[in-house]
Structure formats: structure tokens, C-alpha cells
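Engineer: Predicted structure and sequence below. I'll ask about it afterward.
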Amino acid sequence: MRIPTLFVALAALSGCVIHTGSVAPRPPAAAVAEAKAPVTILIGVDGARPDYLSPTVAPNLSRLAADGVKAAMQPSFPTKTFPNFWTIATGVRPDKSGIVGNKMEDAARPGEVFTMETTDPFWWNAAKPIWIAAEEGGVRGATLFWPGSEVAWGGTGKADHGVYVGGRHASDWQAFNQAITAEQRVEGVIDWMRRPAATRPRFVTLYFDDVDVAGHDHGPAAPETLAAMTKVDAAIGRLQRELAALDQPANLIVVADHGMAAVATDRVIAFDRIAPTGSYRLIETGPYAAIEPMPGRQAALAAALARPQQHMHCWPKAQVPARLRYGTNPRAPAFLCLAEVGWTIMPTAPTRPVTGGAHGYDNAAPEMQALFVAGGPAFRSGVTLPSFRNTAIHPLLRRMLGLPADPTLDGDDGLAGRALR
């Protein structure tokens, strides 16, 4: 065993007698340990369904839920990753935030297409994320991945220039890198927590994509998907242990963006058999199709989509059902077709088997519901809440961080009243 250098130095000093003609003063009492304020950590587990919360699949999260609160959370439509994680971060639904899909277009930027790699603030500036609100309120933030956290929010400028004037991030942030493992992501958060109080974040986001990747590849109930959930759960358990070792109290809020449904080759809708050739462009396909008409062909396309379809409903954007709260944003597609759960809209008939899982369906579908677990000194214990919309997470975070309520949000602080002590 190595003897710590400090002990060696102390031992050496103890052998030295200093003759001063007076009694040496008593050493000062040991410094009082720092009383640390709780840190709020928002953890996103992409694609985690509420039924993954079990002692066998997710023992650490199950214990957190038993000591805290849990619920099946309803995502916003469309039940895609970027729209919903941005809704959680901003408190407004996709149709208001402007992130209306994982892929979309905007007439103000002809020829451009938003994808999950887009960081141009133009696409994101309509809604303020919680890490920016926190920084503006004097709360230091840190984002170890979260969709949209790489964006210099509030900035201006064209993407081809590469520089956005006036943009802002959290005080600490990392660009998403899928090669960074769940364990390494946890270590990054713990490194932040080891800092002195002046530079230690009080609000942190942490994001895991393992469950979503496995769910797409293998399906929602596959052993591989459950194993991915167990892996993420183990990483969260390690985070809890490391925080305890640092005597760092923490409030953990664990959320998912959506669930997952199984898909199959015999449940495919070939769009080219429904609409006339040359009458449309497909922006997105899958559980739903985002469709734009070709010039001069809107009437032909509308007529084709107005006919009853098996396993799918189609609407012009102005007629999308109100319960979906979608279709008023300029970036919403001219036509939307929504498949029944488990069915897949494809440009043409598939040439290879369709397997695994998908999301993007009706946000009221049981398969699309999202995990919510929260625990820590701020939360009530052993409470199962009724389902709520994910727009409620941002107001909850504002309450926990001591930020004023924002009346422009789509969610209120009713969740905070039910979940917090």
C-alpha cells in the first residue's frame, strides 16, 4: 500500500522540535465540510417505455421510483426524438417550437432541409431551452448531450458561414458523439460535480440513446432492447453512487421522448400506390408521412389522399385532428398521413424485410407512452402520478431551479404541485 504524501510530510514534521521559548499554538480545527446544494440532473433515455421500469430490467430506476415519483408520460405529436426532447427542454409543443419533425423544410430557407445534424439557430430560436433560461436566471448549467444543446441558441447568421452572432450555450456543453459510452457520459457528469462550488453546475442534462437504437434494430420487447435498458440503468446507478461518494445531493428527473412499437413486412403501406406519380414529394416516411405537393398538382394529390385508406388516415394540414395539436406551424407539411400503430408508410413496396421497431405514431397510443421517474430530496416518496403531457417537465424544472413561471409555455406547474414535497 502506498503511503499518501501528506501523511509522509506530517510524519516528518512531527519529528522536528521548534524552540521558540513558548508553547506552540494548537492547530486549527478541521474545516467544516462544504454544505452542498442539490444539483438538478435531467436524464433523457431515448425510446424508454414505462413498462421497462421493473426490478429485473431496471433495478436502479425501480428503486428511484419507489423512493420518488413515477408516471407514464404522454409525448407530443409527432412522437419523434427531436420534437419531443425539444418540447421537454422548452415547455412548448412541436407545432409551436418549430421543431415539427426529425426532418423538415421551411419556405424561408428554400433548398435547405433540417435534419438531426442541423445546428443552425434559425431552426431552433422560436423556443428557449431550460439551460438558457437557467443561465439567464443565474443558475450555471451543463449539457452532456441533449437534442438541441449544441445549438448556439439565439444566434443569427447563415449556416454556410459557420459562425452565429450572439448565440449562447450552457456554461459547459459537449457535442453529441455516439461513440462515447454510457459509462463515459456518467464520468463526464461526475467530473463536473468534482469542481469547486464557483464552477460546479447546478443544472445538468445527460442523454442516453442505447435503448432507442436497440428498439429500432430488434423491436421493443426484444432481449437486446431490454439489455440496453439494463445497461443504461446500471449507468444511472453508478451516477447515484458517485454522487453519494461526493456527498452531493441530487434531484434526478429521468424522462423518455417516446415509446416504441413493433413493425413487420406484412404491415407496409406503399405510398406510390396511393398518390399519382409526380404529384408529391415525401419529406418523411415511416409511422407517418410528411408530404408536399408538386407545383400545380395539389388538387390531384388532395383528391387521392381524401379517399379512404386502409390502416392510414390522411389530412391537409388545416384538417389535422385538434387532439394532435399539430399543423399550424409553417414548417408542418402540407399533407399528413398517419399510419395505424405497427404499420409503416414507405415510398414503395419494400425490397427487404421490415423488422424491429418504430415510433412516430399517434401520441395517445399506449406503445408511444414515455418513461418518467424522479427522485431526490425535492420529491415526494412512493407516488404514482396520473399520466401527463411532456410539456409539464419544463415548468417543473423552473420551479426546482428557482426560476419564475413563464405564462407563454404550453405546460403549467401542476406537475410540480403533485410531485414535489
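Structural biologist: Received the coordinates, thanks. Predicted model only: the values in this text are computed from it and were never measured.

Engineer: who touches P201 in this structure?
Structural biologist: By Cβ atoms under 8 Å, 6 or more residues apart in numbering, the contact set of P201 is V39, R140, G141, A142, A170, S171, D172, W192. (C-beta placed from N, C-alpha, C; glycine too.)

Engineer: List the beta-bridge partners for the fourth one.
Structural biologist: Looking back up the chat, that one is A142. D172, V204 (DSSP bridges).

Engineer: Pull the contacting residues for it.
Structural biologist: A170, S171, D172, W173, V189, W192, P201, F203, V204, T205.

Engineer: Skipping adjacent residues, who's closest to the second one in space?
Structural biologist: Using Cβ to Cβ, 6 or more residues apart in numbering and skipping the chain neighbours, the partner closest in space to S171 is R140 (5.0 Å).

Engineer: Was I right to think that neighbour contacts T199?
Structural biologist: Yes. If you go by Cβ atoms under 8 Å, R140 and T199 touch, sitting 7.4 Å apart.

Engineer: And D210, how close does it get to K103?
Structural biologist: Remark: distance between D210 and K103 (Cβ to Cβ, to the nearest Å) = 23 Å.

Engineer: Looking at those two, which is more packed in?
Structural biologist: It is D210, of D210 and K103, that has more neighbours when counted by other Cβ atoms under 10 Å, with 22 against 16.

Engineer: Identify the residue nearest that one in space, chain neighbours excluded?
Structural biologist: A228 (4.3 Å).

Engineer: Surely that neighbour and V211 touch.
Structural biologist: Yes. Assessed by Cβ under 8 Å, A228 is found in contact with V211 at 4.8 Å.

Engineer: List the contacts of K70.
Structural biologist: P50, L53, F372, V373, A374, V383, T384, L385.

Engineer: Go through those and say which is closest to G98.
Structural biologist: Within those, proximity to G98 (Cβ to Cβ) peaks at F372, which comes in at 24.6 Å.

Engineer: Leaving out the residues flanking it, which one is nearest to the closest one?
Structural biologist: M73 (4.1 Å).

Engineer: is it true that the one you found touches A370?
Structural biologist: Yes. Between M73 and A370 there is a contact under Cβ under 8 Å: 4.5 Å.

Engineer: between the two, what contacts are shared?
Structural biologist: Common neighbours of M73 and A370 (Cβ under 8 Å, 6+ apart) are P50, V255, A256, N390.

Engineer: where does the chain have low pLDDT?
Structural biologist: The chain contains residues with pLDDT under 70 at 1-33, 158-162.

Engineer: what residues does the longest helix along it touch?
Structural biologist: Using DSSP state H to define each element, the chain has its longest helix at helix 223-245. Applying Cβ under 8 Å, 6+ apart, the contact partners of helix 223-245 are 39, 41, 43, 45, 48, 52, 57-61, 64, 182-183, 185-186, 189-190, 193, 206, 208, 210-211, 213-215, 217-219, 249-250, 252, 254, 260, 357.

Engineer: Also stretch 405-421?
Structural biologist: 69, 90-93, 96, 133, 374, 377-380, 383, 385, 388-396, 398-400.

Engineer: Narrow the residues you listed to those that are buried.
Structural biologist: Listed as buried from the contacts of stretch 405-421 are 69, 90-93, 96, 133, 374, 378-379, 385, 388-396, 398-400; burial here means 16 or more other Cβ atoms under 10 Å.

Engineer: quick one: which of these sit in helices?
Structural biologist: T90, K96, A133, I393, H394, P395, L396, R398, R399, M400.

Engineer: And those, which two are furthest apart?
Structural biologist: K96 and M400 (23.1 Å).

Engineer: so who does A300 touch?
Structural biologist: P276, S279.

Engineer: Identify the residue nearest the geometric centre of the chain.
Structural biologist: Closest residue to the average C-alpha location of the chain: F85 at 3.6 Å, with Cα atoms, centre = their mean.

Engineer: Give me the contact list for stretch 340-357.
Structural biologist: Outside stretch 340-357, the residues that touch it by Cβ under 8 Å, 6+ apart are 215-220, 225, 260-265, 267-273, 282, 285-289, 311-312, 337, 339, 358, 361-362, 365, 367-368.

Engineer: which of these count as buried?
Structural biologist: 215-216, 218-220, 225, 260-263, 268-269, 271, 282, 285-289, 312, 337, 339, 358, 361-362, 365, 367-368.

Engineer: Without its sequence neighbours, what residue ends up closest to Y207?
Structural biologist: F145 (3.8 Å).

Engineer: wait, doesn't the one you found sit right on R185?
Structural biologist: Yes. Between F145 and R185 there is a contact at 6.8 Å, judged by Cβ under 8 Å.

Engineer: list the residues that contact both of those two?
Structural biologist: When contacts are counted by Cβ under 8 Å, 6+ apart, F145 and R185 are jointly contacted by L206, Y207.

Engineer: For V113, give its distance to G101.
Structural biologist: With Cβ to Cβ as the criterion, V113 and G101 are 10 Å apart.

Engineer: of those two, who's got more company?
Structural biologist: Each of V113 and G101 has its neighbours counted (other Cβ under 10 Å); G101 has more, 23 against 11.

Engineer: So the more buried one, which state does it fall into?
Structural biologist: Three-state call for G101 (DSSP: H, G, I helix; E, B strand; the rest coil): coil.

Engineer: That one: what's it in contact with?
Structural biologist: Contacts of G101 by Cβ under 8 Å, 6+ apart are P78, K80, F82, P83, P94, F114, I283, E284, A290, R331.

Engineer: Can you verify G188 is assigned to a helix?
Structural biologist: Yes. Per three-state DSSP, G188 lies within a helix segment.
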